Every structure is written in C-alpha cells, then in structure tokens.
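> Model the following, please.
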Amino acid sequence: MAIVKSRVIKITLAFFVLISWTAGALWIGINGADWKLTELFASEPEVEPVPVAKFYPLEKFVISIPGDKYPHYMLLEMSLKSYNPDMKTVLVEADPLIRNAMMKMFSRKTFEQLNHLDQLDGLQAEALILMVKVLSDNKLPSDIDEVLFTRMVIQ
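Here you go, the predicted structure:
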C-alpha cells in the first residue's frame, strides 16, 4: 500500500509540474512575449550610412598645346569623384585654383604626349595628385578620390 501511495504522489507531482510548466509557457507566450521582445530590442541597432560617391562635373577647359609645327588646342571636360558630401561648395570656391593648375599642367604637355590613348590613366592620376595638392596648399578639404576625363578632344 505504501508503494501505491508513493506512486500516486509521484504521478500527482509529475502531473502538477507538467501543468505548471504548460501554464507558465502559455502565460509567457501570451503576455510575456512583448515584454521580452521589447527588452531585447528596445532600440534598433545603429547602422552607419554607407558612403555614396558623388560626381562633380567641372566647366570645360580649352587649353593651348604646343606642337612641332603649330599650336594645337585641347577641349577637356572632367568630373571629380568624392565621398565628401560638402565637396561641391569647396569646388565652387576653388574653381579658379583648379582651372589654373590644370591649364599649367596641360600646357607643359606636347601634342604627341597627349595624343595617345594609353596616356589617359597617367594623366588622370597626375591631375588627381595636382588637385589634391592645390586644395591642401590652400587649406581646403582635398577629399577628391578620382579624376575622370569625360571628354578630351585635341586638334
């Protein structure tokens, strides 16, 4: 009889634990889910904005290029790539400095040096270095990432 009584107590106790666990899970599922989620996700994680490149076209340049027999003229259109969102105001302010530097750079080149397409990457790199230097020398932000020649016509 003691064995039966102890077995009934164990079954009753197991049943009570099972019912309690089920009731607790149900209560948390209905009432506590919002509480737990708001505690875990009270504020959304901060996501840093991905920097977006902006392109700033410059006014056309017409530059005189020395040649062997007679002078040539070059029409140059370029754009500058920068991740700095404030670069437009810097470029407007520094336009005379940039134009002067580009005129000097290209006027030192000969027609033969400029007339080869394989020189384009080197010229763009040289223009980038020169522009960054000019802006830095004048204590202006020099956040130019790339110089792109969008049109280059030499006659």
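> Three-state assignment for Q124, please.
Secondary structure, DSSP: H, G, I helix; E, B strand; the rest coil: Q124 is helix.
> pretty sure it contacts D145?
No - using CB atoms under 8 Å, Q124 is not in contact with D145, being 11.7 Å away. In short, each C-beta sits where N, CA and C put it, glycine included.
> how about T110, phi and psi?
phi -90, psi 160 (degrees, to the nearest 10).
> Can you tell me how far the closest residue to it other than its chain neighbours is from K133?
Distances taken as CB to CB, 6 or more residues apart in numbering place P66 nearest to T110, at 6.0 Å, with adjacent residues excluded. Going from P66 to K133 by CB to CB, to the nearest Å gives 24 Å.
> For T150, which three-state class applies?
strand.
> Give me the number of neighbouring residues for it.
12 (other CB atoms under 10 Å).
> now N84
16.
> From S64, how far out is it?
33 Å.
> same question, V52
From V52 to S64 the distance is 38 Å (CB to CB).
> again with R7
109 Å.
> now do I19
When I19 is compared with S64 (using CB to CB), they lie 96 Å apart.
> And E112, by the same measure?
Distance from E112 to S64, by CB to CB: 15 Å.
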